[in-house]
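K.L.:
Sequence and predicted structure, then a few things I'm wondering about:
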Amino acid sequence: MAFGTGFAGAVKYALLIAALLWSTAAFGYVTRLRPPNRIADVDTTTIGDQRATEIRYSGAQFVLINLLVACLFLCAVFAAWDYGNVGDGAFAPGIPMFLAAAAAVFFGFVRWSQAE
């Protein structure tokens, strides 16, 4: 049995999904700690003799968002790596391509509809 298949392959995905779910729950908790839309969160400042708007944010929220994105990125990288290593024995190679194309069309449509 090659490394990355069976139980050894499932552990990396299970740990990433666990981190993804944990950070999602932690993000929900952290966002509830701060009252929303405080007037003190938006202020004006001067940068290089020009006026600018400063929007304060929570450092914990920033870290949790980055953790979420990193987990999703690693899941995609591991899946692509495993798919590439399987070769011709991959199960239904058209299904991942269809799902990726459907996601690209969906998110492209969402972005296009928000631009108007």
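P.N.:
Yes, it's here.
K.L.:
Next, count neighbours for L64.
P.N.:
21 (other Cβ atoms under 10 Å). All C-beta spots, glycine's among them, are computed from the backbone N, C-alpha and C.
K.L.:
And it, how close does it get to A19?
P.N.:
Applying Cβ to Cβ, to the nearest Å, the value for L64 to A19 is 11 Å.
K.L.:
Equivalent analysis for A10, please.
P.N.:
From A10 to A19 the distance is 15 Å (Cβ to Cβ).
K.L.:
Give me the more crowded residue out of these two.
P.N.:
A direct count of neighbours by other Cβ under 10 Å for A10 and A19 places A19 higher, at 16 against 11.
K.L.:
Now do the same contact list for the more buried one.
P.N.:
L67, C71 (Cβ atoms under 8 Å, 6 or more residues apart in numbering).
K.L.:
And it, which helix or strand is it part of?
P.N.:
helix 6-33 (DSSP states H and E).
K.L.:
and that helix, what's its mean pLDDT?
P.N.:
Taken as a whole, helix 6-33 has an average pLDDT of 84.
K.L.:
Okay, now the unreliable bits of this protein?
P.N.:
1-6, 8, 35-37, 87-94, 96, 110-116 (pLDDT under 70).
K.L.:
show me where the chain has strands.
P.N.:
42-47, 50-55 (DSSP state E).
K.L.:
Reformat those strands as CSV; add mean neighbour count.
P.N.:
Putting the strands of the chain into CSV (neighbours: other Cβ atoms under 10 Å) gives the following:
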stretch, mean neighbour count
strand 42-47, 9
strand 50-55, 8
